[in-house]
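Engineer: Okay, sequence plus prediction incoming.
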Amino acid sequence: MADVQITTDQWIFWQSDIWPWLQLNATIAFTWLVMAILSVGSWLITRKLSVDTEIPRFQNVLEIVVTGMRDQIREVSRHDPGKYLPFVGTLFLFIAMANLLTIVPWYRPPTGSLSTTAALATCVFIAVPLYGFASQGVGRYLKHYIQPTPLMLPFNIIGELSRTLALAVRLYGNMMSGTVIAAILIGFVPLFVPVLMQILGLLTGMIQAYIFAVLAMVYIASATKVQQQAESDDAKKQGDPPQYNSETEEQSTGDNHEQQ
Amino acid sequence: MNIDWFTFAAQIFNFLVLVVLLRWLLYEPIIRAMEEREEKIANRLEEANRKREEAENRKSEYEQKTQEFDEQHEQRLNESRQEAEKQRRQLLDEAKQAVDAKRDEWNETLDREREDLVAEIRREAAHVGFRAARQTLSQLADTELEQRICEAFAERIEKLDKQQHDEISQQLDDGNTNCSVASQFDLSDECKERLRQAVNGTFEIDGDIRFEKSDELICGLELEIGGYSIGWNANGFLQDMERRLNEKMKL
């Protein structure tokens, strides 16, 4: 048990003599592995795409994955998924692939490192205002931090930070616990039980990937809500049925996912 | 629970690189392929719809043509029927006319033959009757028929009614003194004398009486005097016989 690393950050393959902070640890190495699998796999499949009615099996799988992600994004954001897909889709694919590979011996998921999950959460934290600026403009986006009153400004900022922290810690906690539990159980019951835990770990990993991506999408969608509400008000004036309210959805989805 | 800040920065960089890579290698080609395929399928559907519309148009066109053809066929059939009926009537009319003409011709021929026959019968009857009468008279009364006719004629002249007698006398007085007796048979001298006696006893004439022979007078005599004609013959009986004969033959 002594050699079980709590975090992959401490599993160092190479370290610079000049700058000791420059090191190649397992987190980065396995991240590169996941990136390589995703990129090379995509390239192998998409280099000879068919536009006929009959398509290769792997292309069909990729199309199902991409179409499923587009549908999820459209459902949450009520927008064209085009500009969100690369970011949100890559979040899902990366986390899912990183978690799936836990069935490989000696592999440790990079998502079990708080550095990785914090990095991904930080990306979401930065992407949300960027998408907000793009859809509403900087002024209108920043204005909703002081709504309904300027007194709410600190609470809004704390909310932004805390949900980013929650994103990072939720994913890290789930993945790290799976690894730790597996390591501990191998010490007590080395046969069969670790296999069951492994299966459970795969399920948890897929769920976490889904939750992370959907939450990121919900945060981004909430950043464009002012515009949506304006559109919704216009629609109501014209007698159309009421539009989707992203704030309500964010709260309900967020609450559900927080419980998990 | 500690964060390695180099790893943190490296992972942000790694993630952004992965976003770019997947966008380039996965999302764009896949979405493009799907859109192209959708477009292709839409085009095929459109093409299929177009072809179906074309086929339906052609179908309706053919149906219309077939209907027109049927109508024309029916029309021509009717025209042919009417033409045939017209020709039939014309032929019937012509045949009827031909039959009528033939019948008229036959009727004419029949009439002519009947008339000829009647004339023949009349002649024959007169002849036979005349001979029979002569024989009967000669056997019963020991008298010649001609003699008897002359006697009867002379008596008729002598017993002429007054008005007629006066009119003839008037004509004779005016200078119309021509007097002749026509007969079908040769008159004996005795007969001639008897007739002269009767005429001269009744009228006053200057010249002699001229005696002529005429085939038209059947078994009779005729006196032409003062422009008047007094006759006695069997024509009346014969005409009556001819009328009856004609009636019988028509039946």
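Structural biologist: Thanks, I have it.
Engineer: So for the helix ranked longest in chain A, what gets flagged as buried?
Structural biologist: The longest helix of chain A (DSSP state H) is helix A:153-188. The neighbour-count check on helix A:153-188 (16 or more other Cβ atoms under 10 Å in any protein chain shown) flags A:163-164, A:167-172, A:174-176, A:178-179, A:182 as buried. Using the backbone N, CA and C atoms, a C-beta is placed for each residue, glycine as well.
Engineer: Determine the three-state secondary structure at B:Ala182.
Structural biologist: Secondary structure assignment for B:Ala182 (DSSP: H, G, I helix; E, B strand; the rest coil): strand.
Engineer: give the contact list for A:Ala223.
Structural biologist: Applying Cβ atoms under 8 Å, 6 or more residues apart in numbering or on different chains, we find A:Ala223 in contact with A:Val128, A:Pro129, A:Tyr131, A:Gly132, A:Ser135, A:Gln136, A:Tyr141.
Engineer: Just give me the neighbour total for the residue of the stretch 51-200 of chain B found nearest chain A.
Structural biologist: For the stretch 51-200 of chain B and chain A, the shortest gap (Cβ to the nearest Cβ) falls at B:Lys51, measuring 17.7 Å. Residue neighbour count, defined by other Cβ atoms under 10 Å in any protein chain shown, stands at 10 for B:Lys51.
Engineer: how about the strand or helix carrying B:Gln163: buried residues?
Structural biologist: Under the criterion of DSSP states H and E, B:Gln163 resides in helix B:162-173. Neighbour-count burial for helix B:162-173, with 16+ other Cβ under 10 Å as criterion, is recorded at B:Ile168, B:Gln171, B:Leu172.
Engineer: Need the residues that contact that helix.
Structural biologist: With contact meaning Cβ under 8 Å, 6+ apart, helix B:162-173 is reached by B:Leu160, B:Thr202, B:Phe203, B:Glu204, B:Ile205, B:Ile225, B:Gly226, B:Gly227, B:Tyr228.
Engineer: how about the CA coordinates for that helix, as CSV?
Structural biologist: The C-alpha coordinates for helix B:162-173 follow below in CSV (Å, rounded to 0.1, in the frame of the first residue of the first chain):
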residue,chain,number,x,y,z
LYS,B,162,-141.4,16.7,-134.0
GLN,B,163,-138.7,19.0,-132.6
GLN,B,164,-136.0,17.0,-134.3
HIS,B,165,-137.9,16.8,-137.5
ASP,B,166,-138.4,20.6,-137.5
GLU,B,167,-134.8,21.3,-136.8
ILE,B,168,-133.6,19.1,-139.7
SER,B,169,-136.3,20.6,-142.0
GLN,B,170,-135.0,24.0,-141.1
GLN,B,171,-131.5,23.0,-142.1
LEU,B,172,-132.7,21.6,-145.4
ASP,B,173,-134.5,24.7,-146.1
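Engineer: Need the nearest residue in space to A:Thr224, chain neighbours excluded.
Structural biologist: Of all residues not flanking A:Thr224 in the chain, A:Ser135 sits nearest, at 4.2 Å (Cβ to Cβ, 6 or more residues apart in numbering or on different chains).
Engineer: To clarify, my last question referred to A:Glu160.
Structural biologist: Nearest one to A:Glu160, counting by Cβ to Cβ, 6+ apart, is A:Phe125 at 7.0 Å.
Engineer: Might you calculate how far stretch A:91-99 sits from the centre of the chain?
Structural biologist: Put simply, stretch A:91-99 sits 8 Å off its chain's centre (Cα atoms, centre = their mean, to the nearest Å).
Engineer: buried set for it?
Structural biologist: Buried residues in stretch A:91-99, counted by 16+ other Cβ under 10 Å: A:Leu91, A:Phe92, A:Leu93, A:Phe94, A:Ile95, A:Ala96, A:Met97, A:Ala98, A:Asn99.
Engineer: Stretch A:200-210 now?
Structural biologist: For stretch A:200-210, a neighbour-count test (16+ other Cβ under 10 Å) marks A:Gly201, A:Leu202, A:Thr204, A:Gly205, A:Gln208, A:Ala209, A:Tyr210 as buried.
Engineer: check these against chain B, which are close?
Structural biologist: Taking Cβ under 8 Å from any Cβ of the partner chain as the test, chain B is in contact with none of the buried residues of stretch A:200-210.
Engineer: Show me the shaky parts of chain A.
Structural biologist: Applying pLDDT under 70 to chain A picks out residues A:1-6, A:226-260.
Engineer: mind listing the strands for it?
Structural biologist: Using DSSP state E, the strands of chain A run over A:12-15, A:23-25.
Engineer: Pull up the pairing partners for the shortest one, direction included.
Structural biologist: Looking back up the chat, that one is strand A:23-25. Strands that pair with strand A:23-25, judged by DSSP bridges, come out as strand A:12-15 (antiparallel).
Engineer: next one: the strand it pairs with to chain centre, how far?
Structural biologist: 27 Å.
Engineer: Mind putting the buried residues of stretch A:200-210 into a markdown table with distance to B:Glu242?
Structural biologist: Formatted as a markdown table, these follow (distance: Cβ to Cβ, whole Å):
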| residue | distance to B:Glu242 |
| --- | --- |
| A:Gly201 | 152 |
| A:Leu202 | 147 |
| A:Thr204 | 150 |
| A:Gly205 | 149 |
| A:Gln208 | 149 |
| A:Ala209 | 145 |
| A:Tyr210 | 142 |
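Engineer: which one of these is nearest chain B?
Structural biologist: Using Cβ to the nearest Cβ, the buried residues of stretch A:200-210 come closest to chain B at A:Ala209, 13.7 Å.
Engineer: you'd agree that closest one is up against A:Pro109?
Structural biologist: No: contact criterion Cβ atoms under 8 Å: A:Ala209 and A:Pro109 do not qualify, at 10.7 Å.
Engineer: Which neighbours do those two have in common?
Structural biologist: Jointly contacting A:Ala209 and A:Pro109 under the rule Cβ under 8 Å, 6+ apart are A:Asn99.
Engineer: quick one: the helices in chain A?
Structural biologist: Counting by DSSP H, the helices of chain A are A:26-46, A:57-77, A:90-100, A:114-136, A:138-143, A:153-188, A:193-223, A:225-237, A:246-259.
Engineer: closest one to B:Arg156 among those helices?
Structural biologist: Ranking the helices of chain A by distance to B:Arg156, with Cβ to Cβ as the measure, places helix A:225-237 first at 146.5 Å.
Engineer: thinking again about what came up before, so can I have a markdown table of the helices of chain A showing distance to B:Glu94?
Structural biologist: Shown next, in a markdown table, are the helices of chain A (distance: least, Cβ to Cβ, whole Å):
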| stretch | distance to B:Glu94 |
| --- | --- |
| helix A:26-46 | 96 |
| helix A:57-77 | 90 |
| helix A:90-100 | 105 |
| helix A:114-136 | 103 |
| helix A:138-143 | 109 |
| helix A:153-188 | 116 |
| helix A:193-223 | 103 |
| helix A:225-237 | 93 |
| helix A:246-259 | 103 |
